[in-house]
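A.B. asks: Whatever this is, show me its structure:
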Amino acid sequence: MQRLLGRRWLIGLNIIGNAVMFGVPSLSNNPWLVGAAGLLGSIGGPMWTIAAHSLLGRKVPSSLLGRVSAAYSFLGNGIAASGPLLGGLLAKRLAYKLPSHSAPPAPFSCSSLSSSLSQRRP
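C.D. replies: Model prediction:
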């Protein structure tokens, strides 16, 4: 898939797939649509991981590759745990209505935040 689409498009399609995966259940009760959206979104996760790690392998010097990969995994696992925590706090605070309606823009806001943070140079 990377050769066919390129890494940039693959990562971008994963963000769109996540928006569809989280957005369809908030807009429809049809189990077939929700299942198809879940399948589409879950296909993108491994593609994101493969594209990101191959990009790390090409751009990071070999002397730093182990450290950068460890930091990437550490931050990825830590951020993954903070999402449900934030969603639960918002749901409790806003009477359980916000998470299902805020799910479609969540991948876009997270990707724009990470993009803006990665553009900063010390």
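A.B. asks: any idea which element residue 78 lies in?
C.D. replies: With secondary structure defined by DSSP states H and E, residue 78 is part of helix 65-93.
A.B. asks: And residue 53, by the same measure?
C.D. replies: Here residue 53, judged by DSSP H and E, is contained in helix 31-59.
A.B. asks: Do me a favour and average the pLDDT over that helix.
C.D. replies: The predicted model assigns helix 31-59 a mean pLDDT of 82.
A.B. asks: Which strands or helices does that helix pack on?
C.D. replies: helix 2-5, helix 7-27, helix 65-93 (3 or more C-beta pairs under 8 Å, 6 or more residues apart in numbering; DSSP states H and E). C-beta here means a position set from N, CA and C on the backbone, and glycine is covered the same way.
A.B. asks: and among these, the most buried is which?
C.D. replies: Greatest average neighbour count among the helices and strands packed on helix 31-59 goes to helix 7-27 (a mean of 17), per mean count of other C-beta atoms under 10 Å.
A.B. asks: Export that helix to PDB, keeping only CA atoms.
C.D. replies: As requested, the backbone C-alpha atoms of helix 7-27 are provided in PDB (Å, rounded to 0.1, in the frame of the first residue of the first chain):
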ATOM      1  CA  ARG A   7       3.200   7.300   3.200                       C
ATOM      2  CA  ARG A   8       1.600  10.700   3.400                       C
ATOM      3  CA  TRP A   9      -1.700   9.500   1.800                       C
ATOM      4  CA  LEU A  10      -1.600   6.300   3.900                       C
ATOM      5  CA  ILE A  11      -1.400   8.300   7.100                       C
ATOM      6  CA  GLY A  12      -4.000  10.800   5.900                       C
ATOM      7  CA  LEU A  13      -6.400   8.000   4.900                       C
ATOM      8  CA  ASN A  14      -6.000   6.500   8.400                       C
ATOM      9  CA  ILE A  15      -7.100   9.800  10.000                       C
ATOM     10  CA  ILE A  16     -10.200   9.800   7.700                       C
ATOM     11  CA  GLY A  17     -10.800   6.200   8.500                       C
ATOM     12  CA  ASN A  18     -10.800   6.900  12.200                       C
ATOM     13  CA  ALA A  19     -13.200   9.800  11.700                       C
ATOM     14  CA  VAL A  20     -15.500   7.500   9.900                       C
ATOM     15  CA  MET A  21     -15.100   4.800  12.400                       C
ATOM     16  CA  PHE A  22     -16.000   7.100  15.300                       C
ATOM     17  CA  GLY A  23     -18.500   9.300  13.400                       C
ATOM     18  CA  VAL A  24     -20.800   6.700  12.000                       C
ATOM     19  CA  PRO A  25     -21.900   5.200  15.300                       C
ATOM     20  CA  SER A  26     -22.900   8.700  16.500                       C
ATOM     21  CA  LEU A  27     -24.900   9.300  13.400                       C
END
